[in-house]
Every structure is written in structure tokens, then in C-alpha cells.
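**Student:** Sequence plus the predicted model coming up.
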Amino acid sequence: MAIEHEQFKAALRRWASGVTIVTTEWDGQRFGMTASAFSSVSIDPPLVLVCLDRRSKTLPFLRMSGVFTVNVLASDQNALSSRFAAAGNEDVRFEGLVCSTGKTGAPRLPGALAALDCRTVSLHDAGDHVICVGEVMDADVSARGAPLVYYEGGYRTLEAGARAEDCF
């Protein structure tokens, strides 16, 4: 018998994760959504994965375009994360943002600590999500600062450059 949903969610809230916004472009329109389920998969070839809610308005366009960018958010981008996480506001998510375009054509968000431009390699159904594996075609790491972190149901920040051994 599987674990109860509330117990499962309570346990997962104890896992601190970085916050990303996954973006894509299809037929001249930009789409994006907040995702905290992101990980590297392989160095050779360079692969990453991101888990996308199958109800997301972005997912069908990511499927059609075959490309996406994972934008790793900085500590001062919690409002941007909330904007891309809210349901029903897909038409205004990019409003006022001056985005650059990565090698794949997917939007790179201003101020992100890193942007990984990916070509979709595979999609895997996994419960209420789809695991999207992408080959990293290009990356931008020009921004500096601390990452935005999600923990215990809220946004947190880390001090840039702080290491655990520095605390002892």
C-alpha cells in the first residue's frame, strides 16, 4: 500500500531544491513554468531532466518545439517564480521581461544565474508529471549571486559562496 499523500508531501517539504523556470517558444509565442524538480543526468552526453506537471499549459508547446531552456533563478527572483507558477496567467508571464534567446530559440530570462538551452531527447510519463530529458546544447552562466531555494513550502535563500564547513 502506497504512502498517504499528506505524509508524502510532508516528507518532500524537507528536501531543499533550487528553483527554475522552464521556457520554450513555439510559433512565435513564448511559454514557461516554474519547476523545482530539476537535475543533471549525464556529463557525456550533457543531459538534464525536469519534471513538468502534465496539466501545464507549457508542456504541449515544449513537446511540439522539441526545445527548452532551464533558467536557474537567483535569490531575488521569487516574484518571478511565483508569476510563472500561478495558474491562469499564461498570457502575461513574459510581460515586461527583456529576454534573450538561447541557441535553441527558447527564451532566457534576465537575471537568471544559469540558462541551459536543451534539445528534448525523451519524454517519460510518470504519474501526474512528465519527465523531460534534454541534451544541453549551450549554457550561460554570466549572472552572479545566490540561488533561490524552495524549502518547507516557501522560498529561501543561501549566502553566495557559503559552505557547510564554514559554519563550524
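**Tutor:** Right, received. Where do you want to start?

**Student:** which non-adjacent residue is nearest K57?
**Tutor:** Using Cβ to Cβ, 6 or more residues apart in numbering and skipping residues adjacent in sequence, the residue nearest K57 is E90, 4.8 Å away. Backbone N, C-alpha and C define where each C-beta goes, glycine included.

**Student:** Quick one: residues contacting the residue nearest in space to the middle of the chain.
**Tutor:** Centroid check for the chain by Cα atoms, centre = their mean gives T20 as the closest residue, at 2.8 Å. Residues counted as contacts of T20 (Cβ atoms under 8 Å, 6 or more residues apart in numbering) are 34-36, 38, 50, 70-73.

**Student:** Buried ones in stretch 41-58, by neighbour count?
**Tutor:** By neighbour count on 16 or more other Cβ atoms under 10 Å, the buried set for stretch 41-58 is 46-53, 56-58.

**Student:** Correction: the previous question concerned stretch 149-156.
**Tutor:** In terms of neighbour count (16+ other Cβ under 10 Å), stretch 149-156 has its buried residues at 149-150, 155.

**Student:** Now that R156 has come up, it's in contact with V149, right?
**Tutor:** Yes. Between R156 and V149 there is a contact under Cβ atoms under 8 Å: 4.4 Å.

**Student:** Give me the below-cutoff pLDDT ranges for this structure.
**Tutor:** 159-168 (pLDDT under 70).

**Student:** Sounds good, over and out.
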